[in-house]
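*Asks:* Provide a 3D model corresponding to the input given below.
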Amino acid sequence: MKSARALLLTSLLAVLAAPLTCPVTAAAADAVVVQPKEGWYPKLVDTDFVRSQVDIPPKKDVVVIDSRPAARRYDVGHIPGAINIPDTAFDKMTDRLPADKGTLLVFYCGGFDCMLSHNSAFKAEKLGYTNIRVYAAGEPDWIAKGLALSVSAAHIRKLIDEKASYMLIDARPRRTAEKGMIPTSVNISDTEFDKNVDKLPADKATPLIYYCGGLECVLSDKSAEKARKLGYKDVKTYPEGYPEWTKLYGAAPLAAAPASQPDTGRASTVALAPGKEKGSVTVASFQQLWKENPAAILLIDVRDAKEFASGTIQGAINVPINELEKKMDSLPKDRPIVFLCGTGARAGEAHDMAKLYRSELRTFFLNADIKWAKDGTYTMVEK
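*Replies:* Next up, the predicted model:
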C-alpha cells in the first residue's frame, strides 16, 4: 500500500495535470451578460444589435424609440433616427407607433437604472405589438462606445434663442441651400467639404451640428464623420433636417427660377417639360417619357452605392456624386442626361457640376422626393 505521503503527492500531481477551469461567479457573469432586474422587459438587446438596426435613411421595418422626457434628454442628444415617445406620455402618443404590429420596436432610455423603456415596452406589448426589444444599457452605453448622437429641432431653436456658442452647418449643395437655410447656419456642401475646412472653427471643442435634406439624405452624416476625423470632439446631426424645420417653424417663400424648355433630341410622342427650378424637369413629363421611350435619355442615380443598392428606378445607372467629376468625360453627348437622388439636392448639384465641367452636355435633374419600396416600386413627389 502507498503511504499517506505518496497518496497525497499523487493527488496533488493529478490536480496540477488537470485542465485549469474556473467556475463563473455571478460577478464574472455580470461583467459579460447583463442580469435582468425585477420589472425589466425580458427581451433585451445590446449595443451591437442596436447599431445594426440604426441607419440613415432609417430602416423601413424598425422603429427605435427614446422613452425619456423630451426637453431635458431626447432633444439634447439621442440615437440617430430615434423617435421620442416619453413613457409618461405614452398613452397620448400611440399614434406615433407604426400601424404594422410586427414592426421591430427597440425601446431605450437612460441606462440600467432607468425603467422608462421597460415600462413602455410592456405597454406596447399590451397594444398587440409582437416584436419588441429593450436596449437596457441605453444612451450612456451608446456614448461610452463612441457612437454619434443627434439633436432635435427644438434643441436647435433653443440654441438660436439663447445665442449659444455652436456652429450649425447645412451640408446640402449650395444651389439648394441658397433657397433657404435654418437661421444661423452656414453652408458647407458635403461634396466640397475638403475645400472648405477653413470655414470650420479653430477650437475643436466647439459643438458642431450638421443637417441636410431630411431622413432620406445622408450628406449630414457623411460630413459629420469627416469633422470627427479632423478632431472635432462634439459633433452631432439633425437628421430630420430642413424639411422638418420648415414644417415646424416655416420658411420664406422663394420665387421659382425661369427655365428653358428641355429638348430630348429624340423622336417621341412626349418631351421633358421644365420644372419650377432652372435645370429641373417635371415628374409627370419624366415618368411619361421613361414609360414610352426610356432609351431617349440616360438616367443617372447620384446617390451612394449603398443607397442605390437598396432601391432605384429600374434602368438607372449609378454614378455617386463624389465620383461624378472623375467620370464626367465618359458622359454621352448624343442624348439628354437626367440626374436623380432621394431629395433632388444631389441631383441638382450633379447638373450644376456637369454644366461647369462640360457645358456641351444636355443635363437635367429631378427636383423631387423619391422613396423606394422593397418590391422595387417607388413614389415621386415633385418639389
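
*Asks:* hmm, which helix or strand of the protein has the shakiest average pLDDT?
*Replies:* Within the chain, confidence by mean pLDDT, DSSP states H and E is lowest for helix 26-32 among all helices and strands, at a mean of 32.

*Asks:* At which residues are the strands of the stretch 251-383 of the chain located?
*Replies:* Listed from the start of the chain, the stretch 251-383 of the chain has strands (DSSP state E, counting those that start in this stretch) covering 280-281, 298-301, 317-318, 337-340, 363-366, 368-372, 378-382.

*Asks:* quick one, helices of the chain?
*Replies:* Counting by DSSP state H, the segments of the chain that form helices are 4-17, 26-32, 47-53, 116-126, 138-144, 153-161, 174-177, 219-229, 241-249, 283-292, 305-310, 321-327, 345-357.

*Asks:* Against which helices or strands is the fourth one packed?
*Replies:* Pointing back at helix 116-126 there. Packing contacts for helix 116-126, counted by 3 or more C-beta pairs under 8 Å, 6 or more residues apart in numbering; DSSP states H and E, involve strand 104-108, strand 132-135. Backbone N, C-alpha and C define where each C-beta goes, glycine included.

*Asks:* about what we covered before: the strands of the stretch 251-383 of the chain: which one's closest to residue 84?
*Replies:* Relative to residue 84, the nearest member of the strands of the stretch 251-383 of the chain by C-beta to C-beta is strand 368-372, separated by 22.6 Å.

*Asks:* that older thread, can you lay out the strands of the stretch 251-383 of the chain as a markdown table showing mean pLDDT and distance to residue 130?
*Replies:* Compiled in a markdown table, those are given as follows (pLDDT from 0 to 100; distance: least, C-beta to C-beta, whole Å):
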| stretch | mean pLDDT | distance to residue 130 |
| --- | --- | --- |
| strand 280-281 | 94 | 44 |
| strand 298-301 | 95 | 36 |
| strand 317-318 | 94 | 37 |
| strand 337-340 | 96 | 37 |
| strand 363-366 | 96 | 39 |
| strand 368-372 | 90 | 26 |
| strand 378-382 | 92 | 28 |
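
*Asks:* Return the most buried member of those strands.
*Replies:* strand 280-281 (a mean of 28; mean count of other C-beta atoms under 10 Å).

*Asks:* got a list of contacts for that strand?
*Replies:* Contacts with strand 280-281, where a contact means C-beta atoms under 8 Å, 6 or more residues apart in numbering, come from 259, 262, 272-275, 338, 344, 348, 364-367.

*Asks:* Okay, now the unreliable bits of this protein?
*Replies:* Counting by pLDDT under 70, the chain shows low-confidence ranges at 1-34, 252-270, 374-375.

*Asks:* gap between the most centrally placed residue in it and residue 39?
*Replies:* Centroid check for the chain by C-alpha atoms, centre = their mean gives residue 56 as the closest residue, at 1.8 Å. The gap separating residue 56 from residue 39 is 33 Å, by C-beta to C-beta, to the nearest Å.

*Asks:* And for residue 365?
*Replies:* Relative to residue 39, residue 365 is positioned 54 Å away (criterion: C-beta to C-beta).

*Asks:* again, but for residue 116
*Replies:* Residue 116 sits 11 Å away from residue 39 when distances are taken as C-beta to C-beta.

*Asks:* ok, those two, which is more surrounded?
*Replies:* Just comparing residue 116 and residue 39: by other C-beta atoms under 10 Å the higher neighbour count belongs to residue 116, 22 against 9.

*Asks:* hmm, back to that, what's the most distant pair in the contacts of strand 280-281?
*Replies:* In terms of C-beta to C-beta, the contacts of strand 280-281 reach their longest pairwise distance at 273 and 348, which sit 16.9 Å apart.

*Asks:* Looking at the two now, which is surrounded by more residues?
*Replies:* Set side by side, residue 273 and residue 348 give different neighbour counts by other C-beta under 10 Å, the larger being at residue 348 (27 against 17).

*Asks:* Help me confirm that residue 204 comes into contact with residue 228.
*Replies:* No: with contact taken as C-beta atoms under 8 Å, residue 204 and residue 228 are classed as non-touching, separated by 10.0 Å.

*Asks:* would you list the strands of the stretch 251-383 of the chain in JSON lines and tack on distance to residue 69?
*Replies:* Formatted as JSON lines, the entries for the strands of the stretch 251-383 of the chain read as follows, by distance: least, C-beta to C-beta, whole Å:
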{"stretch": "strand 280-281", "distance to residue 69": "43"}
{"stretch": "strand 298-301", "distance to residue 69": "41"}
{"stretch": "strand 317-318", "distance to residue 69": "43"}
{"stretch": "strand 337-340", "distance to residue 69": "40"}
{"stretch": "strand 363-366", "distance to residue 69": "41"}
{"stretch": "strand 368-372", "distance to residue 69": "31"}
{"stretch": "strand 378-382", "distance to residue 69": "34"}
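
*Asks:* Go through the ones you listed and name the closest to residue 71.
*Replies:* In terms of C-beta to C-beta, the element of those nearest to residue 71 is strand 368-372, at 29.8 Å.

*Asks:* quick one: the closest one to helix 345-357, angle?
*Replies:* 120 degrees (axes from the mean of the first three to the mean of the last three C-alpha atoms, to 10 degrees).
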